[in-house]
Each structure stands twice: as C-alpha cells, then as structure tokens.
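Chemist: I'll drop the sequence and a predicted model, then ask my questions.
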Amino acid sequence: MIELTDVTKDYPMGEVVYRALRGVDVRIGDNEYVAITGASGSGKSTLMHVIGALHRPTSGTALFDGEDLGRLSREQLARIRNERIGFIFQQFYLLARSTALQNVELPMAYAGIRPKERRERSLACLDRVGLRDFTHHRPTQLSGGQSQRVAIARALANSPRLILGDEPTGNLDSQTSEEIVSLFSSLHNEGRTVMIVTHEQEIARQADREIVLKDGWIEEDRHGTA
Amino acid sequence: MGLLEMLRTSLTALRAHKLRTSLSVLGIVIGVAAVVAIIAIVNGATADMKEQIAGLGMRTITISIFPQAMQSAASVRALTEELTADFEAAPSVSQVVPTASGQGSAVIDGQTYQVSLMGVTSDYAELFDGFYAENGRFLHPLDEDRKVAVLGAAIAEDYFGNADPVGQQLKMEISNQETAFRIIGVMSERGQVGYQNLDDSVYVPLSTMQILSGSRQFSSYIAQAADEELVEQAAAEIEAILAQTVETATMNTPMGRMSRTPYSVQVQKEAIETYEESVNTMTLILGGVGAISLLVGGIGIMNIMLVSVTERTREVGIRMAIGARPQDIRTQFLVEAVLICFLGGLLGLGIGWLCAWLGAGIGDWPFVISVYPALLACGFSLLIGVTFGLYPALRASKLDPVEALRYE
C-alpha cells in the first residue's frame, strides 16, 4: 500500500535547513497495524505527514497505492487525503462551531456526497464509536474522550483504507486511552491499515509492527506479536 | 462542496462575529447608497429640468439682442417691427413673438417690490400650453400703448392674497417714472419654462414697455420653426438676418477696442444639450465621490477578510487535512466576502432609494426609480466582493496544511 524509498524531508528554519527525514525506506502492506515511535524530534510526525499526503517529500519517492505523492498536485493530494486516509490527531481538531454530526459530515461534503446519504452515514459512524446520543453536541460540550471518538467517526466518514493517528491518546487519561486504543484495534480487525505515531510503549505494543525512528533514520523495524 | 453549503458555512462564520460583520457591511452600504442616491436624484432632477426646457417646445428658437447704446423708443419699436417681419418671412420660420423684459418696482400699499416685467404681444400666451387668463383676460392687440397689466399667478397671490386684483390699479416705477396700470387679468399657474418662471412676471403690452423704458433695453424674440426638423435651419436663417440688420458693436475693454456679436440665437435642443452636459459632469463628480467611498468599503472588506483568514488558520488546516482542496478553501472565503458585499449592496440600494425619494420630495421633482442603478449597485458590490475578497481567499488556499494545523 505504501512504499517509501530513500525519502528525505527538509524544513527551512530561517536561514538554515532542518532535515527531519534523512533517507527513509519502508514498505507498509494492506491491513498492517504499525506503531511509529521515537524520541521527540526523531521525525516520526514528519514521516506520518509524508505518508498522509500532507507533505511532499523533498527527495526520494513515496508511493501510495502506486501513485507517486511527490508528483501529485495539491488538488490530487487533497483527494487522496479525503478518500483514502482518515486522520486522528492528538488535539482532536474538530470545528468548534459545528456539531458532532456536522464535523463527521464534513469529509463527505468535500467528497461531494449528497446531504441525505451524508447524514445517514454520519449517524452510522457516530453509532460505531458509541456517540449516537451526542450528535447535536458541539466540541465544547464534549469530554476529551468523546471528542476523540467524534474525530474517529470523522476519520471513518469516507471509509478510508488507511487510518493515521498522531499521538491519538496524548491528551487523554489512561482509561479513556485504553478505550480509544481498542477502537483502533477493531478498525484494524475490520481490514483497515492502521498507523499510530506514539511515544507510549503500551500503545505501541498493541501494534503488530513497531518502527523506531531516531534523528530522521529508521533505527529499528520490528515485527512483533501483539 | 456545493455553493449552497458554502453559503451556509459562510453565514455561520459571519454570524459568529456579528459586530465585525455589521461594520464591514456598513462600509459597503454607505458606498452603494451614495452611488444609488446620486444617480436617482440626478435622474429625477434631469427629467424635471428637461420637461421644463421642453415645455417651450422643441421647435422654439430664442433670440436675444443685447442693448448697445441709448436708443429712442421709436427706433427700438421700428427695429422690433422690422425684425419680427423679417424673421417671419424666413422660409423655415412659422411664428415670431417679440418680447422685452426688464425690471420694475411695484408700489403696493406704500411698499415697493421689485418685479420682473415682460413686455409682450397678444400672441405670447399661446406659446405655452396651459398658460391662459384664469381671471379677466390676457393682452389683446387693441391694448397696444395702453397702460394695462396681466399678473402671473404667483405675483397675484403674493401681493393681493385672496382679493381679486382684476380692475385694481397697480403703480409701477419704470425708468424712475411712476406709472399706474390697470390690472386686466391673472394668468393660470404654469411654473418654470426654460430659464423663466411664467408665474413670477407682470405682463404689459410690448409697445407700452418700449415707450416707458425706451432706451437701453434688452429685447428678445421667441420664434417657432415650421417643423421640428427645420429648427437648425430656421436658426441659421435668423442669424443671417441679424448679421445684416444689427450692427456689430464696438466696445472699450481693458484689452483695447473689441467687437462682439450683440445677439444670440438659441435652440431648445441646444439648451437641453448644454444642460445635459453640465448634469453629466456633476454625475461624474458625485459618482466619483460615491465610488471612492465604495472603494474604502472594499478595502475594509479586504482587511477584515485577512483578519478572518489569520484567525481561522487552524480551521483551514483541519479542512485541508480531511480533504478540502485549495479551491474549496478559496471559494469559501470568497463566498464570505461576496456575501458581505451583497448584503451591503442590497441594504445600500434600499437606503439609496429612500434618500432619492426624500430628495425628490424636497426638490419637488419626480422620483425616478429605474432597474439600471439597482443592477449596477448589486453588480458593483459583487465585483467589490470578488476583487477585495480574492487576495485573502488566495492566501488562505495557499496555506500549508501541516503549518496551518500547528498555528496557535
């Protein structure tokens, strides 16, 4: 599904250029459950942004289902993010003025799905994460765990094959974290590819594979048994 | 995402900052209202003025001969008769009415009032539709040399109120000489015609006027061309006659002795054209002021949209992460700017029309409401929205999704 070959990524930081990825080679197949770990500044978020079609690599090739992300236009990248990837962030990133239902509907609106179908599918997604009764609540009226569930429902809206979580439990207490992690596991069991960036070993252990980054390199890539 | 949905999203965003939105809308309202009101008021006033000028008839030619030197009453009279006959003999001219205008003082109840005095012939009243003696009668050819007067409607009301002036005496001082006139009639209300208000004059027989004011008087003629098409030709014929008859005056001026043509021949059409030209200039100046205020409003929109984009950088990042394309973001901000301007345009149109309506009431001219300024206002406000919304919208669409997400 994903094939990275000698990928580098530079960020200009004022006058100097900061190299976040220094030549990463990695292949991720369908229905894998991968944890990306490493110290802060190791490049794990950058790696996720490249795989998630948010950033083009500076050099090397990043193939997503065979398409070279480095050669796609911003419109084409947006289409891939919309249809094939579901993002879940540490800070939830819900639209504050919209209800839970409207937040979940948004990716479908950008996909051009008709309002009626959108509503039905959103309700199903919210049902899936156990928030059927919170459809008309706004993010400020929801707890952290509930907000993250809305974000997961939104990530599922267009039935993407890849779920990307960037420290998805970073802002949650341990019990809520467990609930969220088990949701990720069930998404994996449904046949989706799941990738989680985390610095928590307990969460990384849930995955089938752990990629450890250090200073922009892959230090270790181990396939374990959960 | 459909346009309708963009509209709904924009409305939500605009509602979130009611005061800010209202102030931005106000900027456009003032600009559009100014432009609409100016156009409507000028249109109304022009329609009114054109009607007055056209009230003389499009066949009308006004001839003015300026006083040159002291002349005896007899010679003035002779010249008038000669010219009237000559003009009437011109092939394209159908009718000529000589007039002499001047100032006089009316003495009523021991008080002296300045009045405009018109020496006219009995044909004069026929030149204007709806101008007739409402009370008593107008001048008759047999009134020549007699000291009789007909009052304009306004004069009669101002000086006699409800009393019937017909048969009363009117003492007037003309050329420092007091003369008593017998009032024989009061005219109907006719108002402004061309540059003259028919209700504000006292009409006396032309010959009487010439005898009394004699020297140095200003005389004019109102001629009718045989046909509207022949107006310019008739004017040319009249000018040819004047060139032969009236001597070119030689005057002492600071720049030495200069000669000038002591007469003018004016066609109504020209008068309307001259008027329209000055109106157009005024419209341009006032419209320019309105356009500048619209421009200022537009800059306000751009400013507020830039603030809005910065404030909602995080939101833009979220939308991009879940699949909004750059053009989706661009359209969303553009729709917002256009919505502000469109609201402003509609409100401005309403307020502009209200001002025009009030102006028409005060200025006593018709309230001309036309589709053209409405379309112009709406179109222009949309254009302002697109023009000044484009840059902020482009800026939003060019944001990097990851950086936008991290924006605090």
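Modeler: Nice, thanks for sending it over.
Chemist: Identify, by residue count, the longest helix of chain A.
Modeler: helix A:174-189 (DSSP state H).
Chemist: Next, the angle helix A:174-189 makes with the helix or strand following that one.
Modeler: Helices and strands here follow DSSP states H and E; after helix A:174-189, the next one along the chain is strand A:193-197. In terms of direction (axes from the mean of the first three to the mean of the last three C-alpha atoms, to 10 degrees), strand A:193-197 departs from helix A:174-189 by 150 degrees.
Chemist: Next, report how far strand A:193-197 is displaced from the centre of its chain.
Modeler: Centroid separation between strand A:193-197 and its chain, computed with C-alpha atoms, centre = their mean, to the nearest Å, is 6 Å.
Chemist: Would you mind listing the outside residues contacting that strand?
Modeler: For strand A:193-197, the surrounding residues in contact (C-beta atoms under 8 Å, 6 or more residues apart in numbering or on different chains) are A:1-2, A:28-37, A:44-45, A:47-48, A:51, A:161-168, A:184, A:187-188, A:203-204, A:207. (Glycine included, C-beta is placed from N, CA and C.)
Chemist: show me where chain A has strands.
Modeler: With DSSP state E, the ranges of strands along chain A come out as A:2-13, A:16-28, A:33-38, A:59-64, A:67-68, A:85-89, A:162-166, A:193-197, A:209-214, A:217-223.
Chemist: Check which helices and strands the second one sits against.
Modeler: When contacts are defined as 3 or more C-beta pairs under 8 Å, 6 or more residues apart in numbering or on different chains; DSSP states H and E, strand A:16-28 packs onto strand A:2-13, helix A:44-51, strand A:217-223.
Chemist: what does chain A have sitting close to chain B?
Modeler: A:49, A:52, A:54-55, A:74-75, A:78-79, A:81-83, A:87, A:89, A:93-95, A:97-98, A:106-107, A:109-112, A:154, A:158 (C-beta under 8 Å from any C-beta of the partner chain).
Chemist: Quick check: which element contains the closest residue to chain A within the stretch 251-400 of chain B?
Modeler: Nearest residue of the stretch 251-400 of chain B to chain A: residue B:323, at 2.3 Å (C-beta to the nearest C-beta). For residue B:323, there is no host helix or strand (DSSP H and E).
Chemist: Can you report phi and psi for it?
Modeler: Residue B:323 adopts backbone torsions of phi 120, psi 10, taken as degrees, to the nearest 10.
Chemist: Contacts only, for it.
Modeler: Contacts of residue B:323 (C-beta under 8 Å, 6+ apart): A:78-79, A:81-83, A:107, A:110-111, A:158.
Chemist: any idea how far residue A:187 is from the residue in chain A that chain B sits nearest to?
Modeler: Nearest residue of chain A to chain B: residue A:82, at 2.3 Å (C-beta to the nearest C-beta). To residue A:187, residue A:82 is 18 Å away according to C-beta to C-beta, to the nearest Å.
Chemist: Could you check which of these two is surrounded by more residues?
Modeler: residue A:82 (25 against 21; other C-beta atoms under 10 Å in any protein chain shown).
Chemist: Give the full set of residues in contact with the more buried one.
Modeler: Residue A:82 is in contact with A:107, A:110-111, A:158, B:322-324, counting by C-beta under 8 Å, 6+ apart.
Chemist: any idea how far residue A:106 is from it?
Modeler: Residue A:82 is 10 Å from residue A:106, by C-beta to C-beta.
Chemist: quick one: pLDDT of the residue lying closest to residue A:61 once chain neighbours are set aside?
Modeler: Residue nearest to residue A:61 in three dimensions, not counting chain neighbours: residue A:5, with 4.9 Å by C-beta to C-beta, 6 or more residues apart in numbering or on different chains. Each residue has a pLDDT score; the one for residue A:5 is 96.
Chemist: I'd assumed residue A:60 was in contact with residue A:5.
Modeler: Yes: if you go by C-beta atoms under 8 Å, residue A:5 and residue A:60 touch, sitting 5.5 Å apart.
Chemist: Neighbour count: the two, which is higher?
Modeler: residue A:60 (17 against 14).
Chemist: give me every residue that touches the more buried one.
Modeler: Counted by C-beta under 8 Å, 6+ apart, residue A:60 has contacts A:4-8, A:23-24, A:70.
Chemist: which pair in those spans the largest distance?
Modeler: A:23 and A:70 (14.5 Å; C-beta to C-beta).
Chemist: Burial check on the closest residue in space to residue A:215 that isn't next to it in sequence, number of neighbours?
Modeler: Nearest residue to residue A:215, sequence neighbours excluded (C-beta to C-beta, 6+ apart): residue A:42, at 6.4 Å. The tally of other residues near residue A:42 (other C-beta under 10 Å) stands at 22.
Chemist: Residue A:42 touches residue A:220, doesn't it?
Modeler: No: under the criterion of C-beta under 8 Å, residue A:42 makes no contact with residue A:220, lying 11.5 Å away.
Chemist: In contact with residue A:57, which residues?
Modeler: Residue A:57 sits in contact with A:4, A:7-9, A:21, A:50, A:69-70, where contact means C-beta under 8 Å, 6+ apart.
Chemist: beta partners of the nearest residue to it once chain neighbours are set aside?
Modeler: Using C-beta to C-beta, 6+ apart and skipping residues adjacent in sequence, the residue nearest residue A:57 is residue A:7, 4.5 Å away. Counting by DSSP bridges, residue A:7 forms beta bridges with residue A:24.
Chemist: Residue A:7 reaches residue A:68, doesn't it?
Modeler: No: Residue A:7 lies out of contact with residue A:68 (C-beta under 8 Å); the separation is 11.5 Å.
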